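In: The sequence isn't on hand, but the structure is:
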Ligand code: MSP
């Protein structure tokens, strides 16, 4: 069996509420996963939850629950989000699952046996919020600790360390010889800059059980649990191993009793992550894999962070966007469209309700929705819904768009792909204005011309359904349903001209993006802006 295209997202901390940032990352991954399926590749798309660590333990205690009950309760909400976002995931991992823990322990046992770890006493400062040790370098110039570290405690404790320093040279070499390993380039430069400038400190991979019990026990020292990041990163590998992927199993050898299957998943083709967790993925993770003896992932795609109205998303100040609420009000595809159209993979983005409403109205309702509605209505009105003889007038426009969109999608330029697809939406809408089918219909001598125009319009709509499927699967399905096509729009190869056949009967049009009054909050803001 050929290797699947394997894409993962960061696994979210179970103790936070899902917000725009989490939803964006998952939608981007889904668009990539669907596009590869549409291209005819087999895909494995993984997402999930990061459930161990002190923060979860403390939050559970504050809620009067055991950590496991607490995680089980929250996991329901997170899994529901996966469905509400329409994610085509193949698996959903929770780091508290036995299948994951077994692989983490196998890796730890192997590396310990090979002498990769050593135990020593640490004395210094510890941030509970970030679950990390701090050094004097982390202090503010005035000697205080930055608020981002939360409560900082002084402690002295024994721990297990992983010799990262030994791996600096080859990692630099790997980044240099694989320019695609970290995208965008600015993030790659950030990692390279750091690696060239600083000596890698050894990584503390344990936490004493006496201080934190909510973690995976070290198989070689029961007094300790595994550091939450070492545990979490392994999720990308534990799921393939648990499913019997041969590449994963062969790296684990006798340390893991897994049954090989015909599934071929590892290595990952894409790890999609936010900019804040780059160091863990570009430094710790490749070193861990190299030491395990497993092939490295092909690429890290690093996205930026969303703000709302120019301010950080924050529950405490109420500056949040609740993806579920937006989806309820505007529909799933409007949400998926907006986030991908607004923010490419790389820079930071800014959500405004006004910006969302504008794109909904002009690009979705008046652009795509209006086109599909007009094309199918006119075919019904003037030709009883029967497709006329095929005609090629817009074929060059459509094919140029397909070609460009294919290249952009292959190189993960999702925002650019949507811009390209909208060239066809706009061209077809412009064509309606130029050809004025309503006038042609009044003149019997123009019957052939009207046939030509109508064919070009419905064929464009069909092709748009195919191009849009990775981004807006429901909308694509609805376009195909209104055209009464039995095929699904989920195969890119259907994006070729001339597939609609003469005499095919289309269905009735139903608005794809109902026009809405502006949300009250947006109205209020506009009124204030005007009065200033
Ligand atoms: N649990 C770790 C990841 C472990 S991966 C082995 C974690 N979790 S998180 O819940 O804090 O973040 C999950 C993802 O959401 C990260 O990729 C993070 O960058 C992303 N985002 C969190 N806030 C964000 C925004 N405001 N905007 C965009 N993405 C953001 O980190």
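Out: In hand now; what should we look at? For clarity, every value in this text was computed on a predicted model and none was experimentally measured.

In: and the stretch 201-350 of the chain, which residues reach the ligand?
Out: Residues of the stretch 201-350 of the chain lying close to the ligand by CB under 6 Å from any ligand atom are 232-233, 235, 273-274, 276-277, 305-306, 313. For glycine as for every other residue, the C-beta is placed from the backbone atoms N, C-alpha and C.

In: What separation do you get for residue 391 and residue 498?
Out: 9 Å (CB to CB, to the nearest Å).

In: These two - which one has more neighbours?
Out: Each of residue 391 and residue 498 has its neighbours counted (other CB atoms under 10 Å); residue 391 has more, 18 against 11.

In: Now do the same for the more buried one: its pLDDT.
Out: pLDDT for residue 391: 98.

In: Ok, residue 138 next?
Out: 88.

In: give me every residue that touches it.
Out: 125, 145-146, 149 (CB atoms under 8 Å, 6 or more residues apart in numbering).

In: can you list the residues of the chain near the ligand?
Out: 10-13, 16, 21-22, 24-25, 50, 232-233, 235, 273-274, 276-277, 305-306, 313.

In: Emit the PyMOL select command for whichever of those are buried.
Out: Selection of buried members from those for PyMOL, criterion 16 or more other CB atoms under 10 Å:
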select buried, resi 10+11+12+13+21+22+24+25+50+232+233+235+273+274+277+305+306+313
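
In: What about the residues of the chain next to the ligand, which are in helices?
Out: Members of those lying in helices (criterion: DSSP state H): 21-22, 24-25, 232-233, 235.

In: Pick out the residue of the chain closest to the ligand.
Out: residue 274 (1.7 Å; CB to the nearest ligand atom).

In: Would you check that that residue makes contact with residue 302?
Out: Yes: shown here, residue 274 and residue 302 form a contact pair, counting by CB atoms under 8 Å, at 7.2 Å.

In: before we move on, back to that, pull the contacting residues for the residue of the chain closest to the ligand.
Out: Residues near residue 274 by CB under 8 Å, 6+ apart: 10, 21, 25, 302-305.

In: ok, so of these, who is nearest residue 243?
Out: residue 10 (20.3 Å; CB to CB).

In: surely that closest one meets residue 272?
Out: Yes: if you go by CB under 8 Å, residue 10 and residue 272 touch, sitting 7.4 Å apart.

In: can you list residues touching both of the two?
Out: residue 25.

In: Where does pLDDT dip in the stretch 401-532 of the chain?
Out: Residues of the stretch 401-532 of the chain that meet the criterion pLDDT under 70 lie in 517-532.

In: in it, which spans are helices?
Out: 414-435, 437-440, 447-468, 473-482, 520-531 (DSSP state H, counting those that start in this stretch).

In: tell me the most buried of these?
Out: helix 447-468 (a mean of 23; mean count of other CB atoms under 10 Å).

In: what's the angle from it to helix 473-482?
Out: Orientation of helix 447-468 against helix 473-482 (axes from the mean of the first three to the mean of the last three CA atoms, to 10 degrees) gives an angle of 150 degrees.

In: Give me the helices and strands touching helix 447-468, please.
Out: When contacts are defined as 3 or more CB pairs under 8 Å, 6 or more residues apart in numbering; DSSP states H and E, helix 447-468 packs onto helix 370-383, helix 395-410, helix 414-435, helix 437-440, helix 473-482.

In: Neighbours of the residue nearest to residue 471 when sequence neighbours are not counted, how many?
Out: Closest residue to residue 471 apart from its sequence neighbours, by CB to CB, 6 or more residues apart in numbering: residue 31 at 5.5 Å. By other CB under 10 Å, 24 other residues sit near residue 31.

In: Would you mark the buried spots in the host helix or strand of residue 31?
Out: Using DSSP states H and E, residue 31 sits within helix 20-38. Neighbour-count burial for helix 20-38 flags 20-38 (criterion: 16+ other CB under 10 Å).

In: I'd like the average pLDDT over it.
Out: Average pLDDT, helix 20-38: 98.

In: now the angle from that helix to helix 395-410?
Out: Orientation check (the same axes, to 10 degrees): helix 20-38 against helix 395-410 gives 120 degrees.

In: what's the neighbour count on residue 153?
Out: 11.

In: any idea how far it is from residue 227?
Out: From residue 153 to residue 227 the distance is 17 Å (CB to CB).

In: Same check on residue 242?
Out: 21 Å.

In: Need the phi and psi values for the residue nearest to residue 44 when sequence neighbours are not counted.
Out: Using CB to CB, 6+ apart and skipping residues adjacent in sequence, the residue nearest residue 44 is residue 4, 4.3 Å away. Backbone torsions of residue 4, given as degrees, to the nearest 10, read phi -80, psi 150.

In: My guess is residue 4 contacts residue 262. True?
Out: No: with the criterion set as CB under 8 Å, residue 4 and residue 262 do not qualify as a contacting pair; they are 11.1 Å apart.

In: Which residue of these two possesses the greater neighbour count?
Out: Remark: of residue 4 and residue 262, residue 4 carries more neighbours, 20 against 8, as counted by other CB under 10 Å.

In: and the more buried one, what is it in contact with?
Out: Residue 4 neighbours (CB under 8 Å, 6+ apart): 41-44, 263-265.

In: Which member of those residues is positioned nearest residue 458?
Out: Using CB to CB, the contacts of residue 4 come closest to residue 458 at residue 41, 29.3 Å.

In: what's the burial count for residue 225?
Out: By the measure other CB under 10 Å, the count of residues near residue 225 is 22.

In: Please give me every residue in contact with the residue nearest to residue 298 when sequence neighbours are not counted.
Out: Nearest residue to residue 298 in three dimensions, chain neighbours excluded: residue 269, at 4.9 Å (CB to CB, 6+ apart). Shown in contact with residue 269 (CB under 8 Å, 6+ apart): 5-7, 297-299.

In: and with 7 Å instead?
Out: Applying CB atoms under 7 Å, 6 or more residues apart in numbering to residue 269 gives the contacts 5-7, 298-299.

In: do the same with residue 395
Out: residue 497.

In: Repeat that for residue 93.
Out: Per CB under 7 Å, 6+ apart, neighbours of residue 93: 11, 46, 48, 100, 235, 239.

In: tell me the SS of the nearest residue to it once chain neighbours are set aside?
Out: Take residue 93 and drop its neighbours on the chain: the residue closest to it by CB to CB, 6+ apart is residue 48, 3.4 Å away. Judged by DSSP: H, G, I helix; E, B strand; the rest coil, the three-state class of residue 48 is strand.

In: what's the neighbour count on the spatially closest residue to residue 59 that is not a sequence neighbour?
Out: Leaving out its chain neighbours, the residue that sits closest to residue 59 by CB to CB, 6+ apart is residue 15, at 4.7 Å. Neighbour count of residue 15, defined by other CB under 10 Å: 20.

In: just residue 191 next, same as before
Out: Neighbours around residue 191, by other CB under 10 Å: 21.

In: Who are the contact partners of it?
Out: With CB under 7 Å, 6+ apart, residue 191 has these contacts: 175, 182, 278, 282-283.

In: Just the element for it, please.
Out: With secondary structure defined by DSSP H and E, residue 191 is part of helix 185-197.

In: Show me how far that helix is from its chain's centre.
Out: 23 Å (CA atoms, centre = their mean, to the nearest Å).

In: Ok, stretch 399-406 next?
Out: 23 Å.

In: Correct me if wrong: residue 30 contacts residue 83.
Out: No: using CB atoms under 7 Å, residue 30 and residue 83 do not qualify as a contacting pair, with a distance of 11.7 Å.

In: Ramachandran coordinates for residue 39?
Out: For residue 39, the backbone dihedrals (degrees, to the nearest 10) come out as phi -70, psi -10.

In: in stretch 144-153, what counts as buried?
Out: Buried, per 16+ other CB under 10 Å, within stretch 144-153: 149, 152.

In: actually stretch 196-214, sorry about that
Out: 200, 203-209, 212, 214.
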